[in-house]
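A.B. asks: coordinates only, sequence not included:
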């Protein structure tokens, strides 16, 4: 029985998570800086590899590691430059997507169909006014959905329908309407289903295993509504509502796991956002608020108790409100500041003793000189934390200090282009599950503290018919009080504990090339990531200096696309080096590296001037490779996809 409880804890801990003609533009606010295209993926690039979800998009970016449990509904979590998923902030159309229960978002629940742009933001070097939580986090993953970008025309529509192997079906439709020159409305909806019953075969030591994935079906849907009101040239109001509903099976490892298991997870999420943007001559600011309501039901119909099943319910509510701004102080100085409140409440079957509530306050202030050739900023930031059980405080008020120093150049140096350098301290407090979950949580956990140093540069050359861009990042992170789950008595009795020191040393390299001539165009890109993420806690242990579990040292991407008139071909290659299933780097813990390749052919039919129908046919994993990112969680072999996209 306790084994089942531990399984449920890790499942949720890892996977929960969601008149005059004017152009009504995107819901973001431009402030300063120039984002690097090397850390950005556009919708056009996304269409070349047809990802199932946000996780499959993010793994194309340099410096990012996606832990993938397989299949269209499989859990996916993200780490950036050696720091775990709880250190990262997902920002959807300018608003945080929170999860206080686990501290991380299941990227497998975020549809790829309506994503217009994905950008990795490190060190606050961005042209967006980020929420305070995103600015103080280790990195921000900025996502823009199709519904947040309003074109000048009165009405527009985009739609998608696809069918793929393993009886996988997906459809999406989005409508945007300009009600007046100042008011606009966007509505969208998505639905997908998959049997998830893909065959597998692999070798474990000298033994061959074959079979078909079971209990891997998924049925989910999402809907979004966005409203925008341009009050004046300097004031803009917007609001959006989104929901997500999912019912899916929970397949486990294909070894040491009961294939007949009947565990399921049902998720219902509602999120409401509202914002007010102000833009004046010397200062710009943004008010924002987010409310998220999420209900999760875990069901095991084969649980061995007197009832013959296990049903656990979790209900999470979160409210975020904040204000950020920047202001010019004369000709050569600039200040930035923000404050944010975060309220969270979790009820249900987390603990017999605790139904936790949290009050968190975050703030920052930065100031520094701005010159034509670059800028410098020193920043002080911090947060306070209080957890309660009803009206009873679970600990004394905790406070954390987070300093930072940032430097970037605006001058385009001859070889290395733009330079960026920063130091910052990131504090990640433990989630509710880590602190309070039955028998496994640890109320005495210290927060994870990560000191980050990063240097980067990027350069772009443009000619009439071609352009190429390259860049590099080098980074060093020192992580203290890392929170991990470790066995205390035997394999099935675990405890959440701090294990002290982790050192991250790495680099990522990127190159992108575009060429146009007559009716042809070609695009090629490649990136490579090296990351040494090692245990530095105790020199007397056998695993001192070993790579942390599931952080490969080497990751690479290569993409090639060729278009002739309305026809296109693309090739996508993804490579991951070996990993270890546990923190001790011994042969029995090794998980093999792999290289996969996908190919796609497309053709766009044009009707009239603005109506387009694009047909795509794709084969993923063309080598029919058997592989797993997480040990024994096998991924699909060769599989096929047909997509129709229509828009006007």
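C.D. replies: Ah, there it is. Given the structure is predicted, the values throughout are model-derived calculations rather than measurements.
A.B. asks: in the lengthiest strand in the chain, what's buried?
C.D. replies: Among the segments of the chain that qualify as a strand by DSSP state E, the longest is strand 310-329. Buried residues in strand 310-329, counted by 16 or more other Cβ atoms under 10 Å: 310, 312, 314-320, 322-326. Bear in mind the C-beta positions are built from the backbone N, C-alpha and C, glycine included.
A.B. asks: also stretch 218-234?
C.D. replies: Here stretch 218-234 shows 218, 220, 221, 222, 224, 225, 226, 227, 228, 229, 230 as buried, counting by 16+ other Cβ under 10 Å.
A.B. asks: ditto for stretch 356-364
C.D. replies: Neighbour-count burial for stretch 356-364 [16+ other Cβ under 10 Å]: 356, 357, 358, 360, 362, 363, 364.
A.B. asks: for the third one, which three-state class applies?
C.D. replies: I take that to be residue 358. Following DSSP: H, G, I helix; E, B strand; the rest coil, we place residue 358 in the strand state.
A.B. asks: for stretch 350-358, give me every contacting residue.
C.D. replies: Contacting residues not belonging to stretch 350-358 are listed as 100-101, 314, 342-348, 385-390, 394, 432-433, 435-438, 441 [Cβ atoms under 8 Å, 6 or more residues apart in numbering].
A.B. asks: quick one: the helices in the stretch 501-648 of the chain, in order.
C.D. replies: Using DSSP state H, counting those that start in this stretch, no helices are found in the stretch 501-648 of the chain.
A.B. asks: now swap in the chain and tell me
C.D. replies: Using DSSP state H, the helices of the chain run over 2-15, 43-46, 54-58, 132-136, 432-436.
A.B. asks: from the middle of its chain, how far away would the shortest one be?
C.D. replies: A distance of 17 Å separates the centroid of the chain from that of helix 43-46, by Cα atoms, centre = their mean, to the nearest Å.
A.B. asks: just checking, what packs against that helix?
C.D. replies: Packing partners of helix 43-46 (3 or more Cβ pairs under 8 Å, 6 or more residues apart in numbering; DSSP states H and E): strand 115-122.
A.B. asks: parallel or antiparallel, list what pairs with the strand it packs on.
C.D. replies: According to DSSP bridges, strand 115-122 forms sheet pairs with strand 40-42 (antiparallel), strand 139-145 (antiparallel).
A.B. asks: so where is the stretch 501-648 of the chain shaky, pLDDT-wise?
C.D. replies: Judged against pLDDT under 70, the stretch 501-648 of the chain has no low-scoring part.
A.B. asks: can you give me the strands for it?
C.D. replies: Under the criterion DSSP state E, counting those that start in this stretch, strands of the stretch 501-648 of the chain are mapped to 502-517, 520-535, 554-564, 567-576, 579-580, 590-591, 594-607, 611-620, 639-647.
A.B. asks: against which helices or strands is the fifth one packed?
C.D. replies: Using 3+ Cβ pairs under 8 Å, 6+ apart as the contact criterion, the elements in contact with strand 579-580 are strand 590-591.
A.B. asks: what of the first one?
C.D. replies: Identification of packing neighbours for strand 502-517 by 3+ Cβ pairs under 8 Å, 6+ apart yields strand 466-480, strand 520-535.
A.B. asks: buried residues, the longest one. List them.
C.D. replies: By that I understand strand 520-535. Going by 16+ other Cβ under 10 Å, strand 520-535 has these buried residues: 521, 523-535.
A.B. asks: got any ranges where the stretch 201-350 of the chain has weak pLDDT?
C.D. replies: 256-261.
A.B. asks: ranges for the strands of it?
C.D. replies: Secondary structure of the stretch 201-350 of the chain (DSSP E, counting those that start in this stretch): strands at 207-212, 218-230, 235-249, 263-279, 283-300, 310-329, 333-348.
A.B. asks: the longest one pairs with which strands, parallel or anti?
C.D. replies: By that I understand strand 310-329. Strand 310-329 sits in its sheet next to strand 283-300 (antiparallel), strand 333-348 (antiparallel), going by DSSP bridges.
A.B. asks: out of these, which comes closest to residue 422?
C.D. replies: Among these, strand 333-348 comes nearest to residue 422, with 13.9 Å by Cβ to Cβ.
A.B. asks: ok now that closest one, how far from the chain's centre?
C.D. replies: Put simply, strand 333-348 sits 20 Å off its chain's centre (Cα atoms, centre = their mean).
A.B. asks: tell me which residues in it are buried?
C.D. replies: Neighbour-count burial for strand 333-348 flags 334, 336, 337, 338, 340, 342, 344, 345, 346, 348 (criterion: 16+ other Cβ under 10 Å).
A.B. asks: cool, stretch 428-442 as well?
C.D. replies: 428-438, 440-442.
A.B. asks: put together JSON lines for those residues, with distance to residue 137 and pLDDT on each row.
C.D. replies: Shown next, in JSON lines, are the buried residues of stretch 428-442 (distance: Cβ to Cβ, whole Å; pLDDT from 0 to 100):
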{"residue": "428", "distance to residue 137": "8", "pLDDT": "95"}
{"residue": "429", "distance to residue 137": "12", "pLDDT": "95"}
{"residue": "430", "distance to residue 137": "15", "pLDDT": "94"}
{"residue": "431", "distance to residue 137": "14", "pLDDT": "94"}
{"residue": "432", "distance to residue 137": "18", "pLDDT": "94"}
{"residue": "433", "distance to residue 137": "19", "pLDDT": "91"}
{"residue": "434", "distance to residue 137": "17", "pLDDT": "91"}
{"residue": "435", "distance to residue 137": "19", "pLDDT": "93"}
{"residue": "436", "distance to residue 137": "23", "pLDDT": "91"}
{"residue": "437", "distance to residue 137": "23", "pLDDT": "87"}
{"residue": "438", "distance to residue 137": "29", "pLDDT": "78"}
{"residue": "440", "distance to residue 137": "25", "pLDDT": "82"}
{"residue": "441", "distance to residue 137": "23", "pLDDT": "87"}
{"residue": "442", "distance to residue 137": "23", "pLDDT": "89"}
